[in-house]
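Novice: Need a 3D model of the following:
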Amino acid sequence: MAGKFEIKTGKSGKFSFNLKASNGQVILSSESYDSRKGAEGGIASVRKNAGNDARFERKTAKDGSAYFVLKASNGETVGKSEMYKTKASMESGIKSVRNNAEYADVKDAK
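Specialist: Model prediction:
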């Protein structure tokens, strides 16, 4: 089973998406978009940029948790990961985004 993008509509009417691994775990979450078309453009950007390691910005939160941000070629943030306890877990998350983004189906969140 491959990963999938799930597009959801928030209470404010804005759209966002999550990239989920084949086990259903969220591996990347987007910012909010004003339209579904904007969210679909964000998904296209994830697909385009996920294969380039330089687009992943590795960060450390104030509490010491590791996380990453995926950026487009223009420097805009496309998505952000969950918080990981270790840098090794964060690197596994990046690998999962790379492995799942290109061929993931797009579905509406239930």
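Novice: Quick check: bridge partners of the residue most central in space within the chain?
Specialist: The chain has L28 as the residue nearest its centroid, 2.5 Å off, counting by Cα atoms, centre = their mean. Beta-bridge partners of L28, counted by DSSP bridges, are L19.
Novice: got the contact list for it?
Specialist: Residues near L28 by Cβ atoms under 8 Å, 6 or more residues apart in numbering: N18, L19, V46, L70, G79, K80, S81, V97, A101. The C-beta positions use only the backbone N, C-alpha and C, and glycine is treated the same way.
Novice: pretty sure the third one is in contact with R98, am I right?
Specialist: No - the criterion here is Cβ atoms under 8 Å, and V46 misses it with R98 at 10.4 Å.
Novice: out of the two, which sits in the more crowded spot?
Specialist: More crowded of V46 and R98, by other Cβ atoms under 10 Å: V46, with 24 against 15.
Novice: related to what we said a few turns ago, could you measure from the residue nearest to the centre of the chain over to G13?
Specialist: Distance, L28 to G13, using Cβ to Cβ, to the nearest Å: 22 Å.
Novice: Cheers, nothing more for now.
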